[in-house]
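Participant: Need the 3D shape of this:
(one chain, ligands or ions: 2)
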Amino acid sequence: MGQRVLVTGGAGYIGSHTCLELLNAGHEVVVLDNLANSSEESLRRVQELCGKSITFAQLDLLDAAGVDALFATHQLDAVMHFAGLKAVGESNDIPLHYYSNNITGTLHLLEAMKRHGVWNFIFSSSATVYGVPESVPITEEFALSATNPYGRTKLMIEEILRDVAKAEPQLRAVLLRYFNPIGAHESGRIGEDPQGLPNNLMPFVMQVAVGLRDKVAVFGDDYDTRDGTGVRDYIHVTDLALGHLAALDALPQIHGCVAYNLGTGTGYSVLEMVRAAAQASERTIPHEVVARRAGDVGEVFADASRAARDLGWRATRDLQKMCEDSWRWQSKNPSGYKTQ
Ligand code: NAD
Ligand code: UDP
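Facilitator: Ligands and ions are numbered 1, 2, ... in the order given. Take a look at the predicted model:
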């Protein structure tokens, strides 16, 4: 049965793809976003793709009264909470801003949920909560830690939710720990639109492929991995979006607060990613090995079996599909949403 879902951060990269899948599955979507790192164009295109409409509130989670009023206006069944700042480097430079935006924003949301009796919650957590993992693959039982303020906001929000779950037995909270989301909707109409220099590997690689940047800097080739470069668990953003729908369907069976890894379970190295992107784009992608990036871990990939067991979800889109879809988005929209 269709639910009315509040999607915070719904105009952003992962949120917009999730809105599309929610609408396709017959749910109603209310988006709350302050557009700090996104544009309304993404939502316009989501609506165009599915022929359904979204209720959009341009609102900051720091505006507690505004958030409360939104809950008073719409009878919500569930909340998917994507809104937050996510740049690791920036979080080291302006930690107070990160704590305020991500933590205080989440508190306002949870307070409004409590006041209005909305107890179904799905949170965008991250594999960063595993800090420097002791081994791979990573299960949800691994020790949690953080190595930067961004990661600490994710960890703190997880802890806040575990506390709230103890105090409020009605709460059903799913913590989705994303590994490395890449790719774009297969239409090439929506995708990731980083502002300025991309922080993550794949947007950078795609900008090199399309000619916006000269070459990819490979951060270290002396890790203990098969070719010495860093290994990550890249997951197609549509698979990730579908993970949220699976979590929404499973919420009635969830008690308290439960974490799930959303990854494919397979790791690829930086050089393998560059090669796959070159193949998909049929472009050469110049690259050069430089020093390691501070704080980076050699190898990270998920054990995603808990999500398969409890949510009936697994990623199905392979690396070639991820790269082809990234390239379709990048080549059709070389400057992101600003082009059209
Ligand atoms: P994004 O920046 O594209 O989307 C986040 C959205 O939240 C943006 O549209 C932004 O305008 C909005 N926002 C930020 N602060 C807000 C506030 N105070 N009030 C209202 N709106 C606000 O990022 P994304 O890649 O789509 O990530 C979504 C979520 O997933 C984030 O919480 C991020 O930390 C988490 N996550 C992302 C990745 C990744 O690699 N992209 C990995 C793990 C976890
Ligand atoms: N990386 C790289 N060059 C870049 C960006 C990233 O070599 O310009 C490497 C990075 O060291 C890591 C992998 O690519 O091994 C993925 O990095 P990303 O920042 O996308 O994700 P995260 O490190 O947060 O998992």
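Participant: CA only for contacts and neighbour counts going forward, please
Facilitator: Will do.
Participant: Now do the SS call for residue 32.
Facilitator: Under DSSP: H, G, I helix; E, B strand; the rest coil, residue 32 falls in the strand class.
Participant: hey, where'd the strands end up in this protein?
Facilitator: For the chain, the strands defined by DSSP state E cover 4-8, 28-33, 55-58, 78-81, 120-126, 172-178, 180-182, 216-219, 231-232, 234-236, 256-262, 268-269, 287-290.
Participant: Tell me the strands beside the second one, with direction?
Facilitator: Each strand that pairs with strand 28-33, with its direction, by DSSP bridges: strand 4-8 (parallel), strand 55-58 (parallel).
Participant: Now residue 328. Nearest residue, chain neighbours left out?
Facilitator: Nearest non-adjacent residue to residue 328, counting by Cα to Cα, 6 or more residues apart in numbering: residue 188, 5.1 Å away.
Participant: Which residue does the stretch 151-300 of the chain have closest to ligand 1?
Facilitator: The stretch 151-300 of the chain approaches ligand 1 most closely through residue 178 (4.7 Å), counting by Cα to the nearest ligand atom.
Participant: So what sits opposite that residue in the bridge?
Facilitator: residue 126, residue 262.
Participant: Identify the residues contacting it.
Facilitator: Residues in contact with residue 178, defined by Cα atoms under 8 Å, 6 or more residues apart in numbering, are 124, 125, 126, 127, 240, 261, 262, 263.
Participant: burial of the fourth one, as a residue count?
Facilitator: Going back to what we said before, that points to residue 127. By other Cα atoms under 10 Å, 24 other residues sit near residue 127.
Participant: try residue 93
Facilitator: 11.
Participant: what's the answer for the one 3 residues further on, then?
Facilitator: Summarising burial for residue 96: neighbours were counted as other Cα under 10 Å, giving 12.
Participant: circling back: wait, which of the strands paired with strand 28-33 is closest to ligand 1?
Facilitator: strand 4-8 (6.2 Å).
Participant: and that closest one, how far from the chain's centre?
Facilitator: Relative to the centre of its chain, strand 4-8 is centred 15 Å away, using Cα atoms, centre = their mean, to the nearest Å.
Participant: who touches that strand?
Facilitator: 15, 19, 27-33, 75-83.
Participant: Report the inter-axis angle for that strand versus strand 120-126.
Facilitator: Per axes from the mean of the first three to the mean of the last three Cα atoms, to 10 degrees, the angle that strand 4-8 makes with strand 120-126 is 30 degrees.
Participant: could I have strand 4-8 exported to PDB, CA atoms only?
Facilitator: The C-alpha coordinates for strand 4-8 follow below in PDB (Å, rounded to 0.1, in the frame of the first residue of the first chain):
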ATOM      1  CA  ARG A   4       3.400   9.200   2.400                       C
ATOM      2  CA  VAL A   5       7.100   9.600   2.900                       C
ATOM      3  CA  LEU A   6       9.000  12.700   3.900                       C
ATOM      4  CA  VAL A   7      12.400  12.700   2.100                       C
ATOM      5  CA  THR A   8      14.800  15.100   3.700                       C
END
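Participant: mind listing what residue 328 touches?
Facilitator: With Cα under 8 Å, 6+ apart, residue 328 has these contacts: 186, 187, 188.
Participant: residues in this protein within reach of ligand 1, list them.
Facilitator: 9, 11-15, 33-38, 59-62, 82-86, 101, 105, 124-126, 178, 180-181 (Cα under 6 Å from any ligand atom).
Participant: And the residues you listed, which of them are buried?
Facilitator: 9, 11-15, 33-35, 37-38, 59-62, 82-86, 101, 105, 124-126, 178, 180-181 (16 or more other Cα atoms under 10 Å).
Participant: For ligand 2, tell me which of the residues you listed show up nearby.
Facilitator: By Cα under 6 Å from any ligand atom, the members of those lying near ligand 2 are residue 180.
Participant: Which ones among the buried ones among the residues of the chain next to ligand 1 lie within helices?
Facilitator: 13, 14, 15, 105 (DSSP state H).
Participant: With pLDDT added, can I get those in TSV?
Facilitator: What follows is those, written out as TSV (pLDDT from 0 to 100):
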residue	pLDDT
13	98
14	98
15	99
105	98
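Participant: would TSV of those residues with distance to residue 207 be doable?
Facilitator: As requested, these are exported to TSV (distance: Cα to Cα, whole Å):
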residue	distance to residue 207
13	16
14	19
15	22
105	32
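Participant: What does the pLDDT read for residue 295?
Facilitator: pLDDT recorded at residue 295 is 89.
Participant: hang on, the earlier thing: do you know how far the residue of the stretch 151-300 of the chain closest to ligand 1 is from residue 195?
Facilitator: For residue 178, the distance to residue 195 (Cα to Cα, to the nearest Å) stands at 21 Å.
Participant: Kindly report the same for residue 161.
Facilitator: Taking Cα to Cα, one finds residue 161 at 30 Å from residue 195.
Participant: Among these two, which residue is more densely surrounded?
Facilitator: residue 161 (26 against 11).
Participant: Compare the strands paired with strand 28-33 and give me the one nearest residue 134.
Facilitator: strand 4-8 (33.0 Å; Cα to Cα).
Participant: if I pick the closest residue to residue 3 other than its chain neighbours, what's in contact with it?
Facilitator: Closest residue in space to residue 3, ignoring its immediate chain neighbours: residue 27 at 5.0 Å, by Cα to Cα, 6+ apart. Residue 27 is in contact with 1, 2, 3, 4, 5, counting by Cα under 8 Å, 6+ apart.
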